[in-house]
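Asks: Below are the sequence and a predicted model for it; my questions follow.
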Amino acid sequence: ALPFCSSIFVGYRHDGNHTLRTSRATTDLTSLALYQLFIFIMSDDAAAAAAAPETTTVSNALNARELAWAKNSPELEAEHAKINGPIIRTRFPPEPNGFLHIGHAKSMNMNFSLAFEKLGVPKEHRRTIFRYDDTNPAAEELEYIDSLRRDMEWMGWKPERTTYSSDNFQQLYEYALQLIHRGLAYVCDMTKAEMEVQRDLARRRAMCRATGKDPDVEAPIPSPDILPGRNRDTSVERNLELFENMRLGLYEEGAMTLRLKMDFESSNPNMYDLVAYRIKYTPHPHAGSGWCIYPSYDWTHGTCDSLEHIDYSICTLEFETRREPYYWILWALDLYRPKVYEMSRLNIEYTVLSKRRLLKLVNQKYVRGWDDPRMPTISGLRRRGYTAKILNSFCDDVGATRASNVVEMEKLHHTARTHLAPTSRRVMAALDPIKVTIANWEEAVKQQEAEGGMTFEVPNSPTDESLGSHTVTLTEVLYIDSSDFKLKDNPTYYGLAPNKNVGLKFHGGNLFCTDVVKTDGDKVVEIKCTLDKSEGRPKPKSFITWVPSDGISAEVRVYSHLFTVPEPTDRWEEELNETSEVIYPNAIVDPSVAEVCDKKHVDRWTSNAAVQFERFGYFVVDNDTTFDSASKTGALVFNRTVSLKEEVGKKELSEEEIKAIEERREKSKKDKEAKEARLKISPEDFFKLVPEHAGKYSKYKEDGKDKGLPTHLADGTELTKSAMKKLEKERQKHVKALMKAGKK
């Protein structure tokens, strides 16, 4: 069969029973190994291996706590391998009882990408199923079903196929019948309160056993009706009858449940006879009205994983204790057991990710809806201006481990800035505009004629020429933001104030405030200025942005943290930030934005146009926009995605604080002048002229290297050698200071 190996097999013979015989006294190990390979090739085992389907070898990166129930039989493994072959399959199974949030973004990132990276699965062998885990019709709506799909697609993930747990309702029902026949499930009439008492008693007894105490003494069973329960030993026939009555709708909601006969002596409360079916007279948004009994999450979740031949069932750590019932159910049904891996859930500062709390935020109208830009939902983040690339990049950086932590909100903001900075078109805006009239307009126009007039070509991006440019024209009347003007100047303020110069961006000249027009309520309504671009003009400390008179009116919504504390507590409703949304209804923006902000480009399911308002941050066109660029009519609304840099909470300085700053600056100025004067004093005159020594001495050495060193105090007392030595050390420090300053 292998003639090329014949020389190696000299001295070996095969006895027909895969036993190696040799006539040599010693054997060569390489020859022995090759001969054994030959025997395998000729055997039935080799034929079976050749017929086995191709598989993919993966790392143990997603290995977790093992259970005896989790082990598959060789037959189950073979069947799974035959169906999946080299494919490694995960699933993303959200429940359609709300909108997806940023925690789901992390889950999608893990199930569609990161898990395969960790396992080392080639891209051609990666598959992910998108499954609606729709077992609770009372909480599920078609709106949610639609939004889940749209958000997943917007995030850029493409599933192998889309499935519904509800499509397996018939199969799940038949599996329930199987367990009743095997005596592993029973119909129970205990109320919710009775079940809580039962489980609490079982939990206390388990704790006693774990701590070496006698449960019959510390937590005695008052009646078998409580533990193990009055229904647990009902006959198979009776359970089948009761379960059929449940299916036919002969009982009220809550009157009966189907429970799994698990283990009341387990230390895991999730093994205390979980509910597999309950009665709900609610039509299902996907399955219709054909059922009035619905399977529980625990009964459905793992079973659907097995039916869909999932390899890795990935969830968050709060489900770690459900590992036992997950595998118990698959063991009881003798179904394939996927590997389960639990990762830490995403916790992020200044928000909540609990569906219950998010639903309350919406229902109590604390926010505009599920897609409010303050919400951590994917729809809300998209409306605020976060792109799929930003969210996926953030999830990549956060990663997936079993270590629980709270991610700083600034990490998300930083990711947004990193992505938006090179791609966002830059324009000028005034959120709270003040009218500015240039009094010497004709003179200013003449000064600018040599430089091409008052129209300036402005790059849309200072770093990417491919984004093009736009023009902006300086007009006699323009608008600046109120944050760029103060009636009373102070040392820390670099904006415009009465009788003060400030630079005007793109024009380059000085804007000088000559007069202020105020209302009776002392509100500034107009500033009158002159524009100076002459040679030798004072150098301004800063340049401010402006909007011409033909700027477009807009509503600008500036968002900050939804909560006032990084980690909201159980009193979270009291911790809501009342200023999380600040609206500027009369903002004015650069007219060049018209071409990118038309209503025809606005869609709640895609990323709308993003711009950078210079000095204010990154903004996105909101879904409420009805602006028509042709007629310049309709509402134009912007949402701030994130500021240009991290905000640290600036506050208005009091008069005392301003006075203290001025005093510090004055002292610093005087200290600098004194230091400069000191450096003009020669070493010989040091003790005669420096303030701290002037007038203290009457005689000095008059020649040699010690010239100028004091010898007598002002009263004629002769200085000791020790005192003179100390003074010489001080003078040498002055000499070093002179040398450092470059003095001779």
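Replies: Yep, that arrived. Residues are numbered from 1 along each chain as shown.

Asks: hang on, Thr711 in a helix?
Replies: No: assessed by DSSP: H, G, I helix; E, B strand; the rest coil, Thr711 does not belong to a helix; its assignment is strand.

Asks: need the contact list for it.
Replies: With contact taken as CB atoms under 8 Å, 6 or more residues apart in numbering, Thr711 is in contact with 697, 699-701, 718-719, 724. C-betas here are computed from N, CA, C, even on glycine.

Asks: Just the residues you listed: which are in helices?
Replies: Secondary-structure check on those using DSSP state H: residues within helices are Met724.

Asks: of the contacts of Thr711, buried ones?
Replies: In terms of neighbour count (16 or more other CB atoms under 10 Å), the buried residues within these are 697, 700, 719.

Asks: quick one: low-confidence parts of the chain?
Replies: Low-confidence segments of the chain, defined by pLDDT under 70: 1-53, 646-655, 657-658, 743-744.

Asks: Longest helix in it, by number of residues?
Replies: Longest helix in the chain, counting residues (DSSP H): helix 655-678.

Asks: what's next to that helix, contact-wise?
Replies: Residues external to helix 655-678 that are found in contact with it (CB under 8 Å, 6+ apart): 490-492, 653, 690-691, 734, 737.

Asks: Which two among those are spaced furthest apart?
Replies: For those, the farthest-apart pair by CB to CB is Leu653 and His734; their separation is 39.3 Å.

Asks: re earlier: name the residues of whichever helix or strand comes after the longest helix of the chain that come out as buried.
Replies: Per DSSP states H and E, the first helix or strand lying C-terminal to helix 655-678 is helix 686-689. Buried residues in helix 686-689, counted by 16+ other CB under 10 Å: 686-688.

Asks: Compute the distance between Ala694 and His181, please.
Replies: According to CB to CB, to the nearest Å, Ala694 and His181 sit 110 Å apart.

Asks: More neighbours: which of the two?
Replies: Regarding Ala694 and His181, a neighbour count based on other CB atoms under 10 Å identifies His181 as having more, with 13 against 10.

Asks: Now the more buried one: closest residue in space that isn't a chain neighbour?
Replies: Distance criterion CB to CB, 6 or more residues apart in numbering; nearest residue to His181, sequence neighbours excluded, is Val236 at 6.1 Å.

Asks: Next, the contact list for that neighbour, please.
Replies: With contact taken as CB under 8 Å, 6+ apart, Val236 is in contact with 180-181, 183.

Asks: ok, how many other residues are close to Ala594?
Replies: One way to gauge burial is a neighbour count; for Ala594, by other CB under 10 Å, it gives 16.

Asks: need the contact list for it.
Replies: With contacts defined as CB under 8 Å, 6+ apart, the neighbours of Ala594 are 552, 627, 629, 632.

Asks: Make CSV out of those and add neighbour count and distance to Pro215.
Replies: Output for the contacts of Ala594, formatted as CSV (neighbours: other CB atoms under 10 Å; distance: CB to CB, whole Å):
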residue, neighbour count, distance to Pro215
Ile552, 19, 75
Phe627, 23, 71
Ser629, 18, 76
Lys632, 13, 79
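
Asks: so of those, which ones are in strands?
Replies: Here DSSP state E is the test, and those give Ile552 as lying in strands.

Asks: Excluding chain neighbours, what is closest to Ile83?
Replies: In space, and not counting its chain neighbours, Ile83 is closest to His309: 5.2 Å by CB to CB, 6+ apart.

Asks: which residues touch the one you found?
Replies: His309 makes contact with 80, 83-84, 89, 336, according to CB under 8 Å, 6+ apart.

Asks: For the stretch 101-250 of the chain, which segments count as helices?
Replies: When assigned using DSSP state H, counting those that start in this stretch, the helices of the stretch 101-250 of the chain occupy the ranges 102-109, 115-119, 142-154, 169-181, 192-210, 215-218, 236-248.

Asks: Go through these and pick out the most buried.
Replies: With neighbours taken as mean count of other CB atoms under 10 Å, the helices of the stretch 101-250 of the chain reach their highest mean count in helix 102-109, at a mean of 24.

Asks: Show me what that one packs onto, helices and strands only.
Replies: Judged by 3 or more CB pairs under 8 Å, 6 or more residues apart in numbering; DSSP states H and E, the packing partners of helix 102-109 are strand 312-316, helix 378-384, helix 388-398.

Asks: Please compute how far that helix lies from its chain's middle.
Replies: 9 Å (CA atoms, centre = their mean, to the nearest Å).

Asks: How about residues contacting it?
Replies: Outside helix 102-109, the residues touching it (CB under 8 Å, 6+ apart) are 92, 94, 151-152, 155, 157, 314, 316, 345-346, 348, 353, 376-378, 381, 391-392, 394-396, 398, 400, 412.

Asks: Pull the contacting residues for Asn405.
Replies: Listed by CB under 8 Å, 6+ apart, the contact set of Asn405 reads 344, 347.

Asks: and after whichever strand or helix holds Val340, which helix or strand comes next?
Replies: Secondary structure here is read from DSSP H and E; on that basis Val340 sits in strand 339-343. Using DSSP H and E, the helix or strand that follows strand 339-343 in sequence is strand 347-348.

Asks: what's that following strand packed up against?
Replies: Taking 3+ CB pairs under 8 Å, 6+ apart as the contact definition, the neighbouring helices and strands of strand 347-348 are strand 406-407.

Asks: residues in contact with the strand it packs on?
Replies: Residues outside strand 406-407 that contact it (CB under 8 Å, 6+ apart): 346-349, 398, 566-567.

Asks: out of these, which are buried?
Replies: 346, 348-349, 398.

Asks: export those residues to TSV and tack on distance to Thr135?
Replies: As requested, the buried ones among the contacts of strand 406-407 are arranged in TSV below (distance: CB to CB, whole Å):
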residue	distance to Thr135
Leu346	24
Ile348	28
Glu349	32
Val398	29
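
Asks: Would you point out the most distant pair within those residues?
Replies: When CB to CB is used, the two most widely separated members of the buried ones among the contacts of strand 406-407 are Glu349 and Val398, lying 12.7 Å apart.

Asks: Check which residues of stretch 578-587 are buried.
Replies: Residues of stretch 578-587 classed as buried: 580-581, 584, 587 (neighbour count, 16+ other CB under 10 Å).

Asks: can you map out the helices along the stretch 351-500 of the chain?
Replies: Ranges of helices within the stretch 351-500 of the chain are 355-363, 378-384, 388-398, 409-420, 441-449, based on DSSP H, counting those that start in this stretch.

Asks: Out of the ones you listed, flag the one nearest Ser59.
Replies: Smallest distance to Ser59 across these (CB to CB): 18.8 Å, for helix 388-398.

Asks: From the contact counts, what lies against the closest one?
Replies: Contacts of helix 388-398 with other secondary structure elements, assessed using 3+ CB pairs under 8 Å, 6+ apart, are made with helix 102-109, helix 409-420.
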